[in-house]
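A.B. asks: Build me a structure from this.
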Amino acid sequence: MRHGPVTQHLGAALQGPSATHLLGTDQYGRDLWARVVYGGRLTLEVAATAVAIALIVGAAIGLLAAMAGGWTDAVLMRALDIVLAFPYLLLAIAVVTALGPGSWHAAFAIGVWLMPSAARVARASALELKPREFVDAAYALGATRLGVVFRHIVPNAAPTLGVFATVAVGRAVILEAALDFLGLGAQPPQPSWGAMISSGRDYLLTAPMLTVAPGCAIVITVVALNLVGNRLQRRPGGT
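C.D. replies: A predicted model of the protein is given here:
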């Protein structure tokens, strides 16, 4: 890539698309194409990290609730209901405010928001698999509950959790862009789609590409992830 995402050329500020700058330049003369590409890498890294946090913690909680049952299941599910009761953006803002602005703090905040959904998916899958004959056979052969979880429940629940993860990354991209837009995610001069939309608001009439380019990148990414998730869901073992 010929232009860096943070390299400034004030003499070339707010140029339109050209052979030199495919999408033009921003108010500081930085190449918009480079910033969209690098911003996408950062956004997807944050979103993937958030989903990984949600899956690891949420799946563990959901599996524990399903396998233990009784009051353990009831207490854990009610605790997750409390988290779900908070508006998602307000919850993320509260977590990031407590930790401080930054990309990885935003990833943690998004992971906290996604965690109850991951737990519910894992719990539903485990409850559906618990009565199966191969689980009863494993217990009859002397397998422990932990062994059944890791050797039979988790592998069979993996396709469903994979579909959830694909769709959840799209949701995480939107929330990450919202936090960046508010100045709570990636900090300047790091390129990020939400921050680019925020900084381009003052130039909507003179240089609309500053907001259109990252906005289109967000839409295309989320739609693509949802299409992949829907395709996986239609495959055997994906429901």
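A.B. asks: Tell me which residues of the helix or strand that contains Ala124 come out buried.
C.D. replies: Assigned by DSSP states H and E, Ala124 falls within helix 103-129. Along helix 103-129, these residues count as buried under the neighbour rule (16 or more other Cβ atoms under 10 Å): 103, 105-123, 125-127, 129. No exception for glycine: its C-beta is placed from N, CA and C like everyone else's.
A.B. asks: And that helix, what does it pack against?
C.D. replies: helix 32-68, helix 70-85, helix 88-99, helix 154-181 (3 or more Cβ pairs under 8 Å, 6 or more residues apart in numbering; DSSP states H and E).
A.B. asks: Just give the closest residue to the spatially most central residue of the chain, not the sequence neighbours.
C.D. replies: A centroid search over the chain (Cα atoms, centre = their mean) returns Ala172, at 2.7 Å, as the residue closest to the centre. Closest residue to Ala172 apart from its sequence neighbours, by Cβ to Cβ, 6 or more residues apart in numbering: Ala47 at 3.7 Å.
A.B. asks: Equivalent analysis for Arg120, please.
C.D. replies: Using Cβ to Cβ, 6+ apart, the nearest residue to Arg120 is Gly62, at 6.4 Å.
A.B. asks: For the one you found, grab the count of nearby residues.
C.D. replies: 30 (other Cβ atoms under 10 Å).
A.B. asks: again, but for Arg145
C.D. replies: Neighbours of Arg145 using other Cβ under 10 Å come to 11.
A.B. asks: any idea how far it is from Ala118?
C.D. replies: 21 Å (Cβ to Cβ, to the nearest Å).
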